[in-house]
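Enquirer: Sequence isn't available, so here's the structure alone:
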């Protein structure tokens, strides 16, 4: 009898990602064709741009998945400094769209450095935490790691509080994996909530206004999007009006292809379609858990944990915003909402997760 080591590759994760992206393109065309025709005389305007970003993203995902993930280890500090530098540039020279300054323009192209910041934070913390896993059992060391995270959180929060919350959530999840002590987890959670409340109360006036709109959207002109999104959800019923049959996307839900696309999914595909989308994301998170549990080392497990936290937090926040469970924060639905930078970096993260899965080895007993 002898044992044979079998290399592994998570095809289940790959197929779920491909399906989500393809489903996102279908829903994007259905949702954005009216706006595309109205603004650019091309119903496929948004679809074409998203297809280009998705194709580039799949290429990046394939390349990264074939590279040993340990190759990124020496670049942890460079990733951190690049994220801080680019996010700082946004504050001074960033382009403003729809009232938000989140983009940097390089010639004809534009991208959101905050998307890079999420990936940079995952790579940065994976190295930091994997170097001192035993020390993470002490609260003081945990706080030291959080202090290193805070500068980039503060810079991102200046223009994009929701992304800052996601970065904090990623950090907490990765720390918890290295040191699963519930007291530390609760303390960090309370700290994040306190920081969020402080940012809302002491920050820009528009953030306080969002709280008021959330509590009573019908009393504010800016609550129109929220109300129309809820109408879309409610009118979909159990099985929806049918693909392409949404009424709310015809100008009633502004920029429906962005953060509010889940409401159009509910209207066209109904509660059944919405549940299927949520189940797909749950399957995706389950695959991340499987890869993290079987990763060859702590560094790989932390990378996948950070990616899992990113997807999970972003999906929860997006659906919570669309259903008016929390104030409107401008969070996109991963792989489905319109946004070239978002889908590009998300697929890069999927490439990292697949790279970690390639490092998994199973033992098979044979003759």
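Expert: That came through fine. The model shown is predicted, which means the values in this text are computed figures rather than measured ones.

Enquirer: Okay, now the unreliable bits of the stretch 101-250 of the chain?
Expert: 107-108, 180, 192, 195-207 (pLDDT under 70).

Enquirer: Tell me how many other residues crowd the spatially closest residue to residue 360 that is not a sequence neighbour.
Expert: In this structure, residue 360 finds its nearest non-sequential neighbour in residue 8, 4.1 Å apart by CB to CB, 6 or more residues apart in numbering. For the C-beta atoms, the positions are set from N, CA and C on the backbone; glycine is no exception. Look at residue 8: counted by other CB atoms under 10 Å, it has 14 neighbours.

Enquirer: mind checking how far residue 8 is from residue 355?
Expert: In this view, residue 8 and residue 355 are 12 Å apart by CB to CB, to the nearest Å.

Enquirer: Where does residue 284 sit, in terms of helix or strand?
Expert: Using DSSP states H and E, residue 284 sits in helix 261-294.

Enquirer: For that helix, which helices and strands make contact with it?
Expert: On a contact count with 3 or more CB pairs under 8 Å, 6 or more residues apart in numbering; DSSP states H and E, helix 261-294 meets helix 11-40, helix 224-236, helix 298-322, helix 340-358.

Enquirer: which of these has the lowest average pLDDT?
Expert: Note on the helices and strands packed on helix 261-294: lowest mean pLDDT is at helix 224-236, with a mean of 89.

Enquirer: Quick check: buried residues in that one?
Expert: Using 16 or more other CB atoms under 10 Å as the test for burial, helix 224-236 gives 225, 226, 228, 229, 230, 231, 232, 233, 235, 236.

Enquirer: what angle separates it from helix 261-294?
Expert: 80 degrees (axes from the mean of the first three to the mean of the last three CA atoms, to 10 degrees).

Enquirer: If you count contacts, what does helix 224-236 end up packed against?
Expert: Where contact means 3+ CB pairs under 8 Å, 6+ apart, helix 224-236 is packed against helix 261-294.

Enquirer: and the helix it packs on, which residues are buried?
Expert: In helix 261-294, counting by 16+ other CB under 10 Å, buried: 261-270, 273-274, 277, 280-281, 283-285, 287-288, 290-292, 294.

Enquirer: Residues touching stretch 142-153, excluding its own?
Expert: Residues outside stretch 142-153 that contact it (CB atoms under 8 Å, 6 or more residues apart in numbering) are 80, 83-84, 87, 117, 120-121, 125, 128-129, 136, 164, 167-168, 171, 175, 179, 184, 188, 191.

Enquirer: Swap in 6 Å and give it another go.
Expert: Identification of contacts with stretch 142-153 by CB atoms under 6 Å, 6 or more residues apart in numbering yields 83, 84, 117, 164, 167, 168, 171, 175, 184.

Enquirer: next one: phi and psi at the fifth one?
Expert: Looking back up the chat, that one is residue 167. Here is the backbone geometry of residue 167 (degrees, to the nearest 10): phi -60, psi -40.

Enquirer: tally of neighbours for it?
Expert: 27.

Enquirer: what sits against it?
Expert: Residues near residue 167 by CB under 6 Å, 6+ apart: 121, 153.

Enquirer: Can you give me the separation between it and residue 44?
Expert: Per CB to CB, residue 167 is found 34 Å from residue 44.

Enquirer: ok, now which ones touch the nearest residue to residue 248 once chain neighbours are set aside?
Expert: Distances taken as CB to CB, 6+ apart put residue 232 closest to residue 248, at 3.9 Å, once the chain neighbours are dropped. Contact analysis of residue 232 by CB under 6 Å, 6+ apart lists 248, 263, 267.

Enquirer: Surely the second one and residue 324 touch.
Expert: It refers to residue 263. No: between residue 263 and residue 324 there is no contact under CB atoms under 6 Å: 10.3 Å.

Enquirer: buried set for stretch 163-178?
Expert: Buried residues in stretch 163-178 (16+ other CB under 10 Å): 163-178.

Enquirer: what sits up against stretch 321-330?
Expert: Residues contacting stretch 321-330 (CB under 6 Å, 6+ apart): 162, 210, 211, 214, 226, 229, 259, 260, 262, 263, 320.

Enquirer: Need the distance between the two termini of that stretch.
Expert: Stretch 321-330 has an end-to-end distance of 8 Å (CA to CA, to the nearest Å).

Enquirer: All set now, cheers.
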